[in-house]
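Model the following, please.
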Amino acid sequence: MLHTGSTQPLNSMKIIQSKRQWLLAVAFIGWLMMSLVGICAAETNTSIIRTTPGWLRKSVVYEIFPRNFSRDGNLNGITAQLDELKDLGVNVLWLMPIQPIGEKMKKGSIGSPFAVRDFYAINPDYGTTNDFKRLIQEAHQRDMKVVMDIVAGQTSWDSVLMNHPDFYLHDTNGAIIPPDPAWTDVAGLNYKNPQVRDYMIGMMEYWLKDFGVDGFRCDVAPTVPVSFWETARADLAKINPQVIILADAGARPELLQKAFDVDSSWALISTLDLVMKSVVPAYYVRESWEHTYQQFPKGALHLRFSDNHEETRAVARYGINGALAAQVLMLTLDGVPLFYNGMEVGDATESADPALFEKMPVFWHPGGRPPLRDIYRDLIQLRKQNAAFTSGDVVWQGNTASGEIVSFLRRDAQDEFLVLINLSNQRVGGSVELSDAGGFEPVKISNQPIPVDTVLPNFELTGYGWQIFHRSLSQ
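Numbers count the residues shown, from 1 in each chain. The predicted structure follows:
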């Protein structure tokens, strides 16, 4: 959920103006503290308890804003494009909230989908319950999962739950308040009331049992007590042991112990933004990744994204080639990669504010783009066909141009892939610190030139250029 499009500097004396900033602040403070004491002094948390479904590690998630995904802006518009999403390689659909939107105190002409009026209903602009059931059935026929966005910490000001004022947070004068002062279009739920917990778990069970959804993405998960999520997980698993739950959170390892399968890598995207703006050198990406690795239990899963509904579109932030380089990073690192609402064609339609509160459909045929869909399809296939990417190690390799280039190996017992990505807009040459550079061959990706002149460990990359090399370890 996003309630403002502004991005303020991190400052403890200011109110954090959006959920994105709140999450980034938590992640950044944790990263900064670790940097100050030295990452090598970090104590790895090994207390992970639950085991995530094996298929999730091999998945690619696609976030859909139903209002803007198709020209009609409804559920049937999503169903009509399932074959294209399947062809791309997507196997998990994350639908932003599909419930009715509140009118009272709404932002913009339509309002935020995260200001939910009735958790048990379908937004009539999106269609009917039968339309939703058909979408899920059609997705399942294509071996695709469907995940619903759940906004557990708040409702709209005209929610059906307003008949139960004791369900809400109150100030000292007894007035209902938002969960954050800047989120003026929503009212905060009070999880000290056990009836709120029962209601929200019952609601999630309803969508799981009656509609057959495969899981939930939980907006601003840290604003709701961990104990609630752990209880919800246990109850939902009784209905579907393979249910998946995604946390909209960063730097909260405890959420992945019993409740959630995957969280959002906010610290990584925050660092990448700074690198792409030339504020900090590229090796900060490695440091951010290493901090998270030390902070979380071994095997913890993170959603890797360069674009989503809370960001200005990646092509606007980084340019076309920069956006491609950023997504190559997310597709080749560990974790679960995410695509968002038309990014596979390079859509530059507004996102976040104002798109969160208006209808601004994806433009599916923009001009002046490279064949991004073909490139992404090949990268997704490469990832899915090689366990080195989905369950293998990440081994960061030093290079002589670490201010601009990130370099790492993805490997398991059978294969080793070397990934080189230039996160600057300048041509850069250098060498990778490989103990043995023999046997690597360039990986063929659609519409990408084969680097015939590259002789590892040396390399030369154009601005935002990238290369992937492979060698077999099983011979």
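
low-scoring stretches of the stretch 1-150 of the chain, by residue?
1-50 (pLDDT under 70).

quick one: the helices in it?
With DSSP state H, counting those that start in this stretch, the ranges of helices along the stretch 1-150 of the chain come out as 19-37, 54-57, 66-69, 75-79, 82-88, 129-141.

just the stretch 351-475 of the chain next, same as before
Using DSSP H, counting those that start in this stretch, helices in the stretch 351-475 of the chain cover 352-355, 372-385, 387-390.

same deal with the stretch 201-350 of the chain?
Secondary structure of the stretch 201-350 of the chain (DSSP H, counting those that start in this stretch): helices located at 226-239, 255-258, 266-276, 283-295, 314-332.

I'd like to know how far residue 137 sits from residue 123.
20 Å (C-beta to C-beta, to the nearest Å). Just so you know, the C-beta spots here come from the backbone N, C-alpha and C atoms, and that holds for glycine as well.

Pull the number of nearby residues for the residue nearest to residue 87 when sequence neighbours are not counted.
Using C-beta to C-beta, 6 or more residues apart in numbering and skipping residues adjacent in sequence, the residue nearest residue 87 is residue 377, 7.1 Å away. By other C-beta atoms under 10 Å, the residues close to residue 377 number 17.

Return the residues in contact with residue 377.
Neighbouring residues of residue 377 by C-beta atoms under 8 Å, 6 or more residues apart in numbering: 87, 88, 89, 446.

again, but for residue 169
Residue 169 touches 176, 177, 179, 187, 188, 189, 190, counting by C-beta under 8 Å, 6+ apart.

Could you report the separation of the third one from residue 101?
Taken as C-beta to C-beta, the spacing of residue 179 relative to residue 101 amounts to 17 Å.

picking up where we left off before, between residue 137 and residue 123, tell me which one has more neighbours.
residue 123 (20 against 13).

from what I can see that one touches residue 102, true?
No - look at residue 123 against residue 102 with C-beta atoms under 8 Å: they stay out of range, at 11.0 Å.

what sits in contact with each of these two?
Counting by C-beta under 8 Å, 6+ apart, nothing touches both residue 123 and residue 102.

Look up the residues forming beta bridges with the residue nearest to residue 265 when sequence neighbours are not counted.
Nearest in space to residue 265, with sequence neighbours left out and distances taken as C-beta to C-beta, 6+ apart, is residue 302 at 4.2 Å. Beta-bridge pairing for residue 302 (DSSP bridges): residue 263.

if I look at residue 302, how far off is residue 186?
Applying C-beta to C-beta, the value for residue 302 to residue 186 is 27 Å.

Comparing the two, which residue is more hemmed in?
With neighbours defined as other C-beta under 10 Å, residue 302 and residue 186 compare such that residue 186 has more, 26 against 23.

how about the nearest residue to the more buried one, chain neighbours excluded?
Nearest non-adjacent residue to residue 186 (C-beta to C-beta, 6+ apart): residue 154, at 4.0 Å.

cool, residue 99 as well?
residue 116 is the one closest to residue 99 (C-beta to C-beta, 6+ apart), at 4.6 Å.

wait, what's in contact with the one you found?
Contacts of residue 116 by C-beta under 8 Å, 6+ apart are 97, 99, 100, 101, 102, 151, 154, 155, 156, 159.

please redo it, this time with the cut-off set to 7 Å
97, 99, 151, 155, 156, 159 (C-beta atoms under 7 Å, 6 or more residues apart in numbering).

again with residue 178
Listed by C-beta under 7 Å, 6+ apart, the contact set of residue 178 reads 184, 186, 187, 188.

go on, residue 97?
So residue 97 contacts 113, 114, 116, 149, 151 (C-beta under 7 Å, 6+ apart).

Need the max-distance pair from those residues.
Greatest spacing in the contacts of residue 97, by C-beta to C-beta: 116 and 149 (9.6 Å).

re earlier: which one of the helices of the stretch 201-350 of the chain lies nearest to residue 441?
helix 314-332 (16.4 Å).

what's the average pLDDT for the closest one?
Average pLDDT, helix 314-332: 97.

of all the helices of the stretch 351-475 of the chain, which lies closest to residue 401?
Closest among the helices of the stretch 351-475 of the chain, using C-beta to C-beta: helix 372-385, at 23.0 Å.

what about residue 153, how many neighbours?
Neighbours around residue 153, by other C-beta under 10 Å: 26.

Relative to residue 463, how far out is residue 372?
17 Å.

Give me the more crowded residue out of the two.
residue 372 (20 against 16).

Show the contacting residues for that one.
Per C-beta under 7 Å, 6+ apart, neighbours of residue 372: 324, 344, 345, 346.

Out of those, give me the two with the largest separation.
324 and 345 (12.0 Å).

and stretch 359-375, how far out from the chain's middle?
The chain centroid and the centroid of stretch 359-375 are separated by 20 Å under C-alpha atoms, centre = their mean, to the nearest Å.

Equivalent analysis for stretch 204-217, please.
Using C-alpha atoms, centre = their mean, the offset of stretch 204-217 from its chain centre is 20 Å.

how about that stretch as PDB, C-alpha atoms only?
Backbone C-alpha positions of stretch 204-217 (Å, rounded to 0.1, in the frame of the first residue of the first chain) are rendered in PDB as follows:
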ATOM      1  CA  MET A 204      -8.700 -15.700   4.800                       C
ATOM      2  CA  GLU A 205     -10.200 -19.200   5.300                       C
ATOM      3  CA  TYR A 206     -13.200 -18.100   3.300                       C
ATOM      4  CA  TRP A 207     -11.100 -17.200   0.200                       C
ATOM      5  CA  LEU A 208      -9.000 -20.300   0.700                       C
ATOM      6  CA  LYS A 209     -11.900 -22.800   1.000                       C
ATOM      7  CA  ASP A 210     -14.600 -21.300  -1.200                       C
ATOM      8  CA  PHE A 211     -12.500 -20.000  -4.000                       C
ATOM      9  CA  GLY A 212      -9.400 -22.100  -3.900                       C
ATOM     10  CA  VAL A 213      -6.800 -19.300  -3.800                       C
ATOM     11  CA  ASP A 214      -3.300 -20.600  -3.200                       C
ATOM     12  CA  GLY A 215      -2.100 -18.100  -0.700                       C
ATOM     13  CA  PHE A 216      -1.900 -14.500   0.400                       C
ATOM     14  CA  ARG A 217       0.400 -11.500   0.100                       C
END
